[in-house]
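**Q** Generate a structure from the sequence data that follows.
(one chain, ligands or ions: 1)
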Amino acid sequence: MDLHSSLREIKGVGEKTEQLFQKIGVYTLGDILLHFPRTYQEYPQPEDPDEENIGQIVAVCGSLRTPAIFRRGKRMDITLASLFCKNQVVECVWFHMPYIAKQLQVGQPYIFYGRLLKEKQGYKMEQPAIFTPEKYLTLRDSLQPIYSLTKGMTQQMVRKLTLAACDSLADYSEENLPDFVEQREGFPSYMQAIRQVHFPMHFEALAEGRRRLVYQEFFYFILHSRILEAGTTGIENPWHFTETALTDETIQKLPYTLTKGQMDTLSQIRSDLQGPYVSQRLIQGDVGSGKTIVAFLAMLDVVASGYQAAIMAPTEVLAMQHAAGFREMCADYGLPYQVVCLTGSMTASQKKKAYEIIATRPQIFVVGTHALIQEKVDYLNLALVVTDEQHRFGVKQRESLSKKGMTPHMLVMSATPIPRTLAMILYGNMQISAIHELPADRIPIKTCVIKEDLRQKAYEMIGRELAGGHQAYIICPLVEASEQTEAENVTDYVERIRPIFGAQVSIAALHGKMPPKEKNAIMQAFAEGKTQILVSTTVVEVGVNVPNATLIMIEDANRFGLAQLHQLRGRVGRGKWQSYCILMDKSKEKKKTDRLEVMHKSNDGFFIAQEDLRLRGPGDFFGIRQSGELGFRLADIIGDADLLQKASQDVADFLKEDESLENYPAIRKNLSSFASDNNMIL
Ligand SMILES: Nc1ncnc2c1ncn2[C@@H]1O[C@H](COP(=O)(O)OP(=O)(O)OP(=O)(O)O)[C@@H](O)[C@H]1O
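**A** Next up, the predicted model:
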């Protein structure tokens, strides 16, 4: 067996299991090894119930003096038991688990593991896991991996299969890093590292395994981009951009003055466009810093000079928003150009029409999603492409364009707050522009972190914003109710708040599982002010721009990473009105609440990313994913900056010695599957 073997080769895996794993993108043994735990469960030292531990996950040791009771209820079956721990009692309850009553024996010692709660009568635990002291002792030595699942999948299933894959591949020993790195770093072998990350005996083992895998991710990412660079730099610039007057006139007509960062970036792009080579430039700017208008103005230079310019958005919603915005600007500023939209959800005949225009008409703005880079699309004279960082124009697409004789300039927009030195490593083949400031008329967003007791007040605040003619977002982590968590879901939430706001307030739901057409229509209605409250999952996170929305309330905020919260908060405060962000904190752990307070302190993405990192405990690697992380599975650009820097230097040394990777066929092979496996488009 090897990394590419199908899951079916593992004994006991049938078609059903195979299909289930395919749903989470796991097809091969290699895939399951890379399906890393989302977090880990620790089994703490058993202790007596204590006021200090209220709200925490604890293990308590004790025994039953009377048998557990099973009660069949109208709505719910419950099992009740009193656990005596020295001179304290913990009342325990389980729902829909009738077999528990038979399982528990009076007088036997048990360890109950779960969250300790306090009610008037005393300590309480809901649904605690039950262990014998012997069994618990075996668990105490390890960290239990917790994986992301899909419906029908259990933690146990994933653990078993991952372990089986690790065992089957125990002999896999391809050299996937250069010798000098292995020797210097003393990394565990690849398979050993994989095992340490899935089934760590302790934190140190986890950290050690993870270090190798993170380094490896960086090494391949950088190696891949350095090799590509060689092919994409130094291409002669075939375009002649002559027309900038119209753009300058348009800048004068804008209802605001461009910031210095915006102006500087535009002039840097202009000198790229007029330079001797085809350029690639990254535009870094915090949420709401006004990157889109800069992209539009650069595109206008291109279109006015006689060519086509395209902007590729990560979602349909965003593509539609750009298309509407661009059309409006063309109309408002008297720009005689057509805006052509191309997205996956358009009908075949609409697409055909778009293809025709793109193939025959110069001087157009082309706006769309990934559909823009499909084989079928033949551009007449595409001279500039703007994309976001996660969906960069792929190598293949660039190749296919250049085969067709086209070498557009590239602009990549990024809101990921990373220091310039790191950006230079990650985007080695690009020039970098940064928009440091927000538009001058922006009033900082007021953020508060609240608990359940202030929910009513929060709704009153939303009511006041709506009364003032504004709109609000409410973000829930889930689409629909889940058995596994109590987190808020969009579907039930909408129904729950309808009576609170009354029939006169129109409320809509939005989530990623909706067909794109429906999503577009809902977003459109919100953008036009027809809907007042939009209850949504994080699909609104990237780039959505409705300046009239002045309040965002984020449910279960403690479940989100700070970088993601910052992106979400950035959906408001985009106009000239005071905006608000309410973070609903359901966490019972103080550490998580402290983390949210950072949002209250600052509106600066850079600062937030740094604080996020500082507040993570040792070993807390997996809690937070920075958004826009270029598709790394484990690596965190900021947290692992030391490894990123090392890998960058190592790649340079490595290529100096063995430019064509002749001595390392394994690395060459890995490199070619790397881009497709990781879906990393470079
Ligand atoms: N200089 C400016 N002064 C005032 N408003 C501006 C300025 N530049 C852009 N805007 C407005 O600010 C809003 C946000 O701009 P834009 O959508 O370009 O931000 P962004 O940087 O792309 O943000 P995000 O990363 O959140 O997508 C838009 O409504 C835009 O019209």
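
**Q** Below-threshold pLDDT in the stretch 201-350 of the chain: ranges please.
**A** In the prediction, the stretch 201-350 of the chain carries residues with pLDDT under 70 at positions 229-233.

**Q** let's see 50
**A** In the prediction, the stretch 201-350 of the chain carries no residues with pLDDT under 50.

**Q** cool, the stretch 51-200 of the chain as well?
**A** If you take pLDDT under 50 as the line, the stretch 51-200 of the chain has no such spans.

**Q** What segments of it are strands?
**A** 57-64, 69-72, 77-85, 88-95, 109-119, 122-126, 129-131, 143-146 (DSSP state E, counting those that start in this stretch).

**Q** now the shortest one, how far from the chain's geometric center?
**A** It stands for strand 129-131. Put simply, strand 129-131 sits 34 Å off its chain's centre (CA atoms, centre = their mean, to the nearest Å).

**Q** do the same with the fifth one
**A** Distance of strand 109-119 from the chain centroid (CA atoms, centre = their mean) equals 34 Å.

**Q** circling back to that earlier point, tell me which of the strands of the stretch 51-200 of the chain sits nearest to Y664.
**A** strand 143-146 (31.5 Å; CB to CB). Just so you know, the C-beta spots here come from the backbone N, C-alpha and C atoms, and that holds for glycine as well.

**Q** got the CA coordinates for that closest one in PDB?
**A** Extracted in PDB, the C-alpha atoms of strand 143-146 (Å, rounded to 0.1, in the frame of the first residue of the first chain):
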ATOM      1  CA  LEU A 143      -4.400  13.300  24.100                       C
ATOM      2  CA  GLN A 144      -7.500  12.100  22.200                       C
ATOM      3  CA  PRO A 145      -7.800  13.600  18.700                       C
ATOM      4  CA  ILE A 146     -11.100  15.200  17.800                       C
END
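
**Q** What pairs with that strand, parallel or antiparallel?
**A** Sheet pairing here is set by DSSP bridges, and for strand 143-146 it gives strand 39-42 (antiparallel).

**Q** quick one: buried residues of the strand it pairs with?
**A** Y40 (16 or more other CB atoms under 10 Å).

**Q** mind exporting it as CSV, just the C-alpha atoms?
**A** Presented in CSV, the C-alpha positions along strand 39-42 are these (Å, rounded to 0.1, in the frame of the first residue of the first chain):
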residue,chain,number,x,y,z
THR,A,39,-8.5,19.8,18.5
TYR,A,40,-7.6,17.3,21.2
GLN,A,41,-9.3,16.1,24.3
GLU,A,42,-7.3,15.9,27.5
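
**Q** could you give the mean pLDDT of it?
**A** Mean pLDDT, strand 39-42: 81.

**Q** Compute the distance from the centre of that strand to the centre of its chain.
**A** 21 Å.

**Q** wait, which of the strands of the stretch 51-200 of the chain is closest to the ligand?
**A** strand 143-146 (31.6 Å; CB to the nearest ligand atom).

**Q** Show me which positions of that closest one end up buried.
**A** Result for strand 143-146 [16+ other CB under 10 Å]: buried residues L143, P145.

**Q** Tabulate the strands of the stretch 51-200 of the chain (CSV), appending distance to the ligand.
**A** CSV is the format used below for these (distance: least, CB to the nearest ligand atom, whole Å):
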stretch, distance to the ligand
strand 57-64, 36
strand 69-72, 52
strand 77-85, 47
strand 88-95, 42
strand 109-119, 37
strand 122-126, 40
strand 129-131, 42
strand 143-146, 32
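
**Q** Figure out which of the ones you listed is closest to D594.
**A** Using CB to CB, these put strand 57-64 closest to D594, at 17.7 Å.

**Q** contacts for the closest one?
**A** Strand 57-64 is contacted by residues 43-49, 81-86, 90, 104-116, 125, 133, 136 when judged by CB atoms under 8 Å, 6 or more residues apart in numbering.

**Q** That one: which residues count as buried?
**A** Those would be I57, V58, A59, V60, C61, G62, L64, for strand 57-64 by 16+ other CB under 10 Å.

**Q** for stretch 245-256, same thing?
**A** L246, T247, T250, I251.

**Q** Let me have these in TSV, extended by distance to the ligand and secondary structure.
**A** Putting the buried residues of stretch 245-256 into TSV (distance: CB to the nearest ligand atom, whole Å; DSSP: H, G, I helix; E, B strand; the rest coil) gives the following:
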residue	distance to the ligand	secondary structure
L246	19	helix
T247	15	helix
T250	13	helix
I251	10	helix
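
**Q** buried set for the helix ranked longest in the chain?
**A** Ranked by number of residues, the top helix in the chain under DSSP state H is helix 203-232. By neighbour count on 16+ other CB under 10 Å, the buried set for helix 203-232 is 203, 205-206, 208-228, 232.
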